[in-house]
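**Q** Requesting a structural model of the entry that follows:
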Amino acid sequence: MRVYAVKDYREMSRKAANILSAQIISKPDSVLGLATGSTPIGTYEQLVEWYEKGDLDFSEVRTVNLDEYKGLDKENKQSYYYFMHRHLFDRVNIPQEQTHLPDGTNAEAEKECRRYEELMESLGGIDIQLLGMGHNGHIGFNEPAEAFAKETHCVDLQESTIQANKRFFESAKEVPRQAYTMGIGTILRAVRILVIVSGEDKADIVKKAFWGPITPQVPASILQLHPDVILVADEAALSKVTEKL
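**A** Alright, predicted model coming up:
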C-alpha cells in the first residue's frame, strides 16, 4: 500500500484527481469504479475543472458505481444516480450510456445483482476503483459482518450508516434501509484501488483498517491484501497512526 499524507481535504481531493486523470490519459477507455458521499465531491470538482480547461477527455471512459439505494428512482435527489450526474456526468463529455449504477428501482434483488456483475465482466473489469470509508470501516455498503461478501448483493444498512446518511434526507425515517452494493470480492478484482479519507473523525477507523488485523468486522481491512492500493489521507485522518509513513 502506498500512502500519500496530505495537508487537508483540498489537497486530498487534488491528489486523488491527479491519480484518476493520469489513469484516463494513459488509457482513454478506462473503466473507472466511482463512489458517492461527501468525501469524493472535491475530487469530482477538480476533474471537472481540468476537463473545462481542456486537459481531460472523458469521451471513451466507462464508469461503474459502487452502490445505490434500493427503492429510490433516478429522479430522487438522494439517489446516487442523481448525485453522479450532478457532480460529474452532466459536467463532462462522457456519454450517458457509458455510465453504470445498480438499478435501485429493481425490486428483484438477486436478478439485479447478477445483472450488475455480468455488466462489469462485459466491460473487462475495473481499472481503478475509488473508495471512501465509513466510520465503521464500511466500503461501498459492505457493513461489518461475520464474513466478507464476495459479489454484488443487497444489504440491510446498519443503524450507524443510516444515522450518518440522514443529514441528506428530511428525516431518518426517509433513509432507505437497503442498498445494492458491490461485494468485497468485486472491489478486490479492480486492478488498482484508490482510497480517500479526510477528517479527525476518521482517524480511529483509518488506523484499524490499514494498520490493524484483517477482519470482516472492519470491512476496509481486507484492502491490506490487495497488491495495488493507494491511500490518500489528510493529516487529521492520519493523526492516530504512529507507524512511519
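**Q** And Gly104, how close does it get to Asn93?
**A** Shown here: Gly104 relative to Asn93, a distance of 26 Å by CB to CB, to the nearest Å. The C-beta positions use only the backbone N, C-alpha and C, and glycine is treated the same way.
**Q** Looks to me like Ala33 is in a strand.
**A** Ala isn't right for residue 33; it's Gly. Yes. The assignment for Gly33, made by DSSP: H, G, I helix; E, B strand; the rest coil, places it in a strand.
**Q** My read is that it contacts Tyr116, right?
**A** No. Taking CB atoms under 8 Å as the definition, Gly33 is not a contact partner of Tyr116, at 12.0 Å.
**Q** which neighbours do those two share?
**A** Both Gly33 and Tyr116 are in contact with Val64, Met182, where contact means CB atoms under 8 Å, 6 or more residues apart in numbering.
**Q** more crowded one of Gly104 and Asn93?
**A** Between Gly104 and Asn93, Gly104 has the larger neighbour count (other CB atoms under 10 Å), namely 23 against 12.
**Q** Please name the nearest non-neighbouring residue to that one.
**A** Excluding its sequence neighbours, the residue lying closest to Gly104 (CB to CB, 6 or more residues apart in numbering) is Glu68, at 4.4 Å.
**Q** Could you confirm the one you found falls within a strand?
**A** Yes. With the criterion set as three-state DSSP, the secondary structure at Glu68 is a strand.
**Q** burial of it, as a residue count?
**A** Residues near Glu68, counting by other CB under 10 Å, number 27.
**Q** need the contact list for it.
**A** Ser79, Tyr80, Tyr81, Leu101, Pro102, Asp103, Gly104, Ala179, Tyr180.
**Q** so can I have a markdown table of the residues you listed showing secondary structure, pLDDT and distance to Pro213?
**A** Formatted as a markdown table, the entries for the contacts of Glu68 read as follows, by DSSP: H, G, I helix; E, B strand; the rest coil; pLDDT from 0 to 100; distance: CB to CB, whole Å:
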| residue | secondary structure | pLDDT | distance to Pro213 |
| --- | --- | --- | --- |
| Ser79 | coil | 94 | 35 |
| Tyr80 | helix | 95 | 31 |
| Tyr81 | helix | 97 | 36 |
| Leu101 | coil | 98 | 33 |
| Pro102 | coil | 97 | 30 |
| Asp103 | coil | 97 | 36 |
| Gly104 | coil | 95 | 34 |
| Ala179 | strand | 94 | 27 |
| Tyr180 | strand | 97 | 29 |
